[in-house]
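S.K.: Okay, structure incoming, though there's no sequence with it:
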């Protein structure tokens, strides 16, 4: 039993250490990008993907607010028979 436990521990340790991949540190590049003073707001400095996400969020927010106003208005006005 103890031998099997040691074998399992050895195999699990080997799998964990061999599966680790070296990744490039991209933090300094991102820091330079976001700290650059180019007049853009920080939520748009990420590029096209950030701009699309921003526009989609704003569109959903405006549509949601419009729907809330519509529902409030329809709830306030009595229905005609």
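M.R.: Received it, and whenever you're ready, just let me know what you need. Keep in mind that this is a model prediction, so the values were computed, not measured. Numbering: from 1, shown residues only.

S.K.: can we go C-alpha only for contacts and neighbour counts from here?
M.R.: Will do.

S.K.: For this structure, give me the ranges with low pLDDT.
M.R.: For the chain, applying pLDDT under 70 flags the ranges 5, 11-20.

S.K.: can you give me the offset of the lengthiest helix in the chain from its chain's centre?
M.R.: In the chain, assigned by DSSP state H, the helix with the most residues is helix 48-76. How far helix 48-76 lies from its chain's middle: 20 Å, per Cα atoms, centre = their mean, to the nearest Å.

S.K.: Enumerate the positions of that helix that are buried.
M.R.: For helix 48-76, burial by neighbour count (16 or more other Cα atoms under 10 Å) applies to no residue.

S.K.: and residue 56, how far is that from residue 64?
M.R.: Taking Cα to Cα, to the nearest Å as the measure, residue 56 falls 12 Å from residue 64.

S.K.: And residue 37, by the same measure?
M.R.: Note on residue 37: its distance to residue 64, by Cα to Cα, is 34 Å.

S.K.: Same check on residue 40?
M.R.: Residue 40 is 27 Å from residue 64, where distance means Cα to Cα.

S.K.: likewise residue 32?
M.R.: In this view, residue 32 and residue 64 are 36 Å apart by Cα to Cα.

S.K.: Could you do residue 28 as well?
M.R.: Separation of residue 28 from residue 64 (Cα to Cα) stands at 38 Å.

S.K.: Then residue 8?
M.R.: Computed as Cα to Cα, the residue 8 to residue 64 distance reads 55 Å.

S.K.: Next: residue 78.
M.R.: Taking Cα to Cα as the measure, residue 78 falls 23 Å from residue 64.
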